[in-house]
Structure formats: C-alpha cells, structure tokens
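Chemist: Structure here, sequence nowhere to be found:
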C-alpha cells in the first residue's frame, strides 16, 4: 500500500531516543557490518581450506543460502521496510506506549508464522533443493537435502532476531544488531577447526559446519533479545490486530516481502544457474559474492539502514518532507559512491589479489582463485547500481510505498534470469572457452539487471520529490581517482612478483587505498576530507 508523507507537526523525540546525525548512525551500522563481514571472510577461508571447490562444498553453499535468504529477507528486507517506519514513526511522535503494543503484536505474529515456516520447510526440503539447485544429482543432492534439514531449526531463531534488529534500529541502537552475526560465523569456524583436528571427508566437514550454524543462530538471538526487551519496557504476547498501525505493518509487509524477496531471489537464481555448470561453480560464485557483498553491506546497507530510520522519523508538511528526502538522498548517494566506485575498480584490477589472500589455502588452488576473480570482475558491472538502488528503495519504504520497489524488482529478476542463462550457458560456446567460465556471465547479468532497476527507481523518485543535486562531475572525479589507484596497485603487484598471497595483498591493497584517498583529498572531495578528519581525530 502507498501512503503520502504525514502532515503532523514535528514533536520532541522521546527520551532515550536522541536524534543523531545519519552519518554517525551509518558509521555504527558499518562498524557492526564490518566486523561481521570480517568474521564471514574468516569463516569462508576456513571452509575453503577444508573443502575447496569439492561437491560437498557446493552442497553446503547451496544449503546455507536458505537461512541467509530468510535472515536478509526478514531482517534487512521486509520487516525493516514495513515495521521500522511504523514503529520509528510512533517513537518520533512520542507515543511510546502505542509503539510498544505494535512491536509486541508484530513480534508475536512473526514468531507464529516462523514456526509454521520451519515445519513446512523441513517437510518440503527435497522440493526446495530441486528448486534452488536443480542441476544437483545423486550424492550431491542427497547431502544438500540433509544439510538444509539440519539448518532449518536455526532459521526460526534468525528470523526472530530480525525482529530484535528492527526494535534496536528504531531506537538507534545500530551496532549490536549488525555485529551479532559475528557469533554465527564464529560458531561455524570453531566447528570446522574442531573437526579439522580429527580430519575426515569433505562431506563430514559440511555436516559439522551446519551444526555450527544452528548453534550460531541461537547465540545471535540471545545477544540481541535482552536489550530489545529492555528498550520495549517488557513484552506481552498478543495476536490483536485492533491497532491501525499493526494492520498497516501487515498490509505493507506482503509487498515488501515480495519486493525484498525478489532481490534475495537474485542470489538463488545465481545458484540455480551455477548448479548446471561444472562442479565447484556454486562454491566459486558464493566465494566471489562473499567479497562482493562487503562493500554492498558496508556502504550501501549501512547508509540505507540509517537513512530509513531517519526518514521514517521525519514529520512535517509534504513539501518539507520532500525537501529533506532530496537532501538525504543527495548526501547518501555521495557517501555510497565515494566507497563503492573504488571497490568496483578494485574487483576488476586486483580481484585475484583479494581472492588469493582470502581463499588460497589447503584445497583451494591458484586456479580456483582465478576462477573467482573472473566472477568477481563480472560483479563489478552492477556494484554501484545495487548499492544506490538500496538507498532509493529505503526512501520509498520511508514514504510507506512498497509497491513501486516491488514492480521494479520483478523487472530486475526477469532480466537477470533470461540474461544470466544466456551468458553463462551459451556465451562460453560462442567464445570457445571452458564451460566453467560461464559463471562470470552470471554476475555480469546480475549487474546489468541491477542498473535497469536503479534507473527505474531513480526516475520514479524524481517524479515524486524532485531530482537530487547533479553529481556527475563528482562521480567522474571518483572514477578518475580509482583508475589512478588501480595503476599504482598494478605497479606494486608487478614489482613484488611472486609472494605469499597475504603479503602481496597487504602491499597492493595499501597502495591502492593510499593513492585513491590521496587523490580524492587533492581533488577536494568532501567525503575524503571528512574521512581523513575522522581518522586524525581518533589518533
């Protein structure tokens, strides 16, 4: 459902929910995400060491997408898009008691629905596996089914932790909810290391890692639930739909679920197509996405999450809200572009260095690293569009409009499916290369579809609130600085020659970052100056 911005006059924020500047909130989100993503990279490196790109690794990577899907869908997707605007809006108007009732009703309904979904999911696991990775057969399919069933109990815990995330974010407690996944990753890492002491086949490592994920899900919930309940002042379960805000959350939840779900389905599409490619393709795509999602989460999600909360609290006349939205969009787009543009260039220029440092160990060979590099370079095509699109979608959600992002997500996924299948399965034959390299076509197709979605979102938002400030000159300077940094990084790579992957990455990445930051400071890019000032203040 779509609703216009509220016209109520501004009121004082409730006690305990001080107004912070959005950049500060984004820093807290980014810090939490950074720590959780670093833990995820360590987890992936441990997994690469013990399983490489074996069929068992493919089975686990396919299976683990289901809890990741539901966590992202509910925690960073539909629940945030429907619950946070309503709950944060009530807090912004000082109506804490009503906000508490809304949170309790939504939490109760979510727990009930989740219990049903977990039960149905365990019963329908073979169908889910055939849908997600239809190319898996024999022992690989059987192992995937076993792993998915092991993981399902943890899914319910992750979904409830998503409700905690919504409460914490609405009270501007951003750090804890985004650092909590460190515990989930840590549990898997510990499980792999313990199994590594006794050894075993890759299939055994996959099963042990699945058990670690279930334990990690419980830990992730337990660390968030107590502070969320304290902020609410208690919790009384209720299934009452009498409050219009609860009904509004439910009305907006369905289109938001489909909209965010389609975005999350994008990753499943990649896995489904990869399952038809040679063994190891699913793992290679997942490994590349582990690197790709780092800037998306750090810079796209952090800014979007902080701005969603801030925009949802904005009250005033319609024209005033539109003006503030344009300002927030302009600032958010500049901050995202400053970090994402050099990330995209790095994926193409030094993606082998990054993949080698993270994954080249044990069963994961240099050839596997080059495979991941090709897939990572393909993902650079749509990196900027995917992160900017998140911010525009958040602006629509803050305006209680979940229908518009839904329509454009449908367009995106349709293009991705058709183009992804074409580039991954047919293009290798046209180019006369091995079928395994078709995995790079999957990420190229995702990037092209992300640009189409972003352009549609931008045009629709411009029609609604007017265009943000023109940033073409600013973006051009960032691309120039990133290309100059890439040249410096390549020079450092050639000078070093053969080195251990971690040493090579430390030097090359340091050269890349130093040249990019120095160049943007010399160009008087505001975001670069602010970053340097923040760093120097902490020394």
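Modeler: Looks like it arrived, so ask away. None of the values given here were measured: they were computed from a predicted structure. Residues are numbered from 1 along each chain as shown.

Chemist: Only C-alpha atoms from now on, for both contacts and neighbour counts.
Modeler: Noted.

Chemist: give me the number of residues near residue 367?
Modeler: Residue 367: 11 surrounding residues under other Cα atoms under 10 Å.

Chemist: and it, what element?
Modeler: According to DSSP states H and E, residue 367 maps onto helix 366-379.

Chemist: same thing with residue 510?
Modeler: Going by DSSP H and E, residue 510 is in helix 501-522.

Chemist: re the thing from before, give the buried residues for the helix holding residue 367.
Modeler: Applying a neighbour-count criterion of 16 or more other Cα atoms under 10 Å, one finds 366, 368-379 buried in helix 366-379.

Chemist: Now do it: distance to the chain's middle.
Modeler: 20 Å (Cα atoms, centre = their mean, to the nearest Å).

Chemist: packing partners for the helix or strand following that helix?
Modeler: Sequence-wise, the next helix or strand downstream of helix 366-379 (DSSP H and E) is helix 383-398. If you count contacts as 3 or more Cα pairs under 8 Å, 6 or more residues apart in numbering; DSSP states H and E, helix 383-398 packs onto helix 79-92, helix 302-313, helix 318-349, helix 403-421, helix 439-465.

Chemist: 6 Å instead?
Modeler: Packing partners of helix 383-398 (3 or more Cα pairs under 6 Å, 6 or more residues apart in numbering; DSSP states H and E): helix 302-313, helix 439-465.

Chemist: hey, which of those is tucked in deepest?
Modeler: helix 302-313 (a mean of 26; mean count of other Cα atoms under 10 Å).

Chemist: Now do residue 364: how many residues are near it, please.
Modeler: For residue 364, the neighbour count with other Cα under 10 Å is 20.

Chemist: for the closest residue to residue 190 other than its chain neighbours, helix, strand, or coil?
Modeler: The spatially closest residue to residue 190, leaving aside those adjacent along the chain, is residue 212, at 7.6 Å (Cα to Cα, 6 or more residues apart in numbering). Following DSSP: H, G, I helix; E, B strand; the rest coil, the label given to residue 212 is helix.

Chemist: that older thread, and the helix holding residue 510, what's buried?
Modeler: Applying 16+ other Cα under 10 Å to helix 501-522 flags 501, 504-505, 508-509, 511-513, 515-521 as buried.

Chemist: just to revisit the earlier point, next, format the buried residues of helix 366-379 as CSV and append distance to residue 178 and pLDDT.
Modeler: Output for these, formatted as CSV (distance: Cα to Cα, whole Å; pLDDT from 0 to 100):
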residue, distance to residue 178, pLDDT
366, 33, 89
368, 31, 93
369, 29, 94
370, 31, 95
371, 31, 94
372, 27, 95
373, 28, 96
374, 30, 96
375, 27, 95
376, 25, 95
377, 27, 96
378, 28, 95
379, 24, 94
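
Chemist: got those as a markdown table, with distance to residue 275 columns?
Modeler: Output for the buried residues of helix 366-379, formatted as a markdown table (distance: Cα to Cα, whole Å):
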| residue | distance to residue 275 |
| --- | --- |
| 366 | 22 |
| 368 | 17 |
| 369 | 19 |
| 370 | 19 |
| 371 | 16 |
| 372 | 16 |
| 373 | 19 |
| 374 | 17 |
| 375 | 15 |
| 376 | 18 |
| 377 | 20 |
| 378 | 18 |
| 379 | 18 |
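
Chemist: Report pLDDT for the most centrally placed residue in the chain.
Modeler: In the chain, the centroid-proximal residue (Cα atoms, centre = their mean) is residue 297; its distance is 4.7 Å. What the model reports for residue 297 is a pLDDT of 77.

Chemist: Next: residue 311.
Modeler: We have a pLDDT of 64 for residue 311.

Chemist: what is the mean pLDDT for stretch 524-539?
Modeler: pLDDT averaged over stretch 524-539 gives 82.

Chemist: Can you tell me what sits against stretch 409-424?
Modeler: 259, 438-439, 441-442, 445-446, 449, 453 (Cα atoms under 6 Å, 6 or more residues apart in numbering).

Chemist: So what touches the helix or strand hosting residue 187?
Modeler: Per DSSP H and E: residue 187 is located in helix 181-198. Residues outside helix 181-198 that contact it (Cα under 6 Å, 6+ apart) are 36, 39-40, 43, 209, 212-213, 216-217, 220.

Chemist: Same check on stretch 43-56?
Modeler: Contacts for stretch 43-56 (Cα under 6 Å, 6+ apart): 57, 189, 202-203, 280, 283, 358-359, 361-364.

Chemist: report the angle between the axes of the helix holding residue 510 and helix 366-379?
Modeler: Orientation check (axes from the mean of the first three to the mean of the last three Cα atoms, to 10 degrees): helix 501-522 against helix 366-379 gives 20 degrees.

Chemist: Are there helices or strands packed against helix 501-522, and which ones?
Modeler: Looks like helix 501-522 contacts helix 351-359, helix 472-496, helix 526-537 (3+ Cα pairs under 6 Å, 6+ apart).

Chemist: averaged over its residues, what pLDDT does the second one have?
Modeler: Looking back up the chat, that one is helix 472-496. Helix 472-496 carries an average pLDDT of 95.

Chemist: coming back round to it: name the helices or strands packed onto the helix holding residue 367?
Modeler: Here helix 366-379 touches helix 281-295, helix 318-349, helix 351-359, helix 439-465, going by 3+ Cα pairs under 6 Å, 6+ apart.

Chemist: To residue 497, which of those lies closest?
Modeler: helix 351-359 (11.8 Å; Cα to Cα).

Chemist: Tell me which other helices or strands the closest one touches.
Modeler: Helix 351-359 is packed against helix 22-51, helix 366-379, helix 501-522, with contacts defined by 3+ Cα pairs under 6 Å, 6+ apart.

Chemist: For the helices and strands packed on helix 366-379, give me JSON lines that also has distance to residue 529.
Modeler: JSON lines is the format used below for these (distance: least, Cα to Cα, whole Å):
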{"stretch": "helix 281-295", "distance to residue 529": "20"}
{"stretch": "helix 318-349", "distance to residue 529": "11"}
{"stretch": "helix 351-359", "distance to residue 529": "27"}
{"stretch": "helix 439-465", "distance to residue 529": "28"}
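
Chemist: closest one to residue 102 among the ones you listed?
Modeler: Residue 102 lies closest to helix 318-349 among these, at 24.3 Å (Cα to Cα).

Chemist: residues of that closest one that come out buried?
Modeler: By neighbour count with 16+ other Cα under 10 Å, helix 318-349 contains the buried residues 321-322, 325-326, 328-349.

Chemist: Do me a favour and average the pLDDT over that helix.
Modeler: The average pLDDT for helix 318-349 rounds to 86.

Chemist: Quick check on residue 235: phi, psi?
Modeler: Main-chain torsions, residue 235, degrees, to the nearest 10: phi -140, psi 130.

Chemist: separation between it and residue 100?
Modeler: Counting by Cα to Cα, to the nearest Å, the separation of residue 235 from residue 100 is 8 Å.

Chemist: More neighbours: which of these two?
Modeler: Each of residue 235 and residue 100 has its neighbours counted (other Cα under 10 Å); residue 100 has more, 22 against 17.

Chemist: That one sits in which helix or strand?
Modeler: helix 96-123.

Chemist: before we move on, the earlier item: point out the most buried one among the helices and strands packed on helix 501-522.
Modeler: Of all the helices and strands packed on helix 501-522, helix 351-359 has the most neighbours on average by mean count of other Cα under 10 Å, namely a mean of 24.
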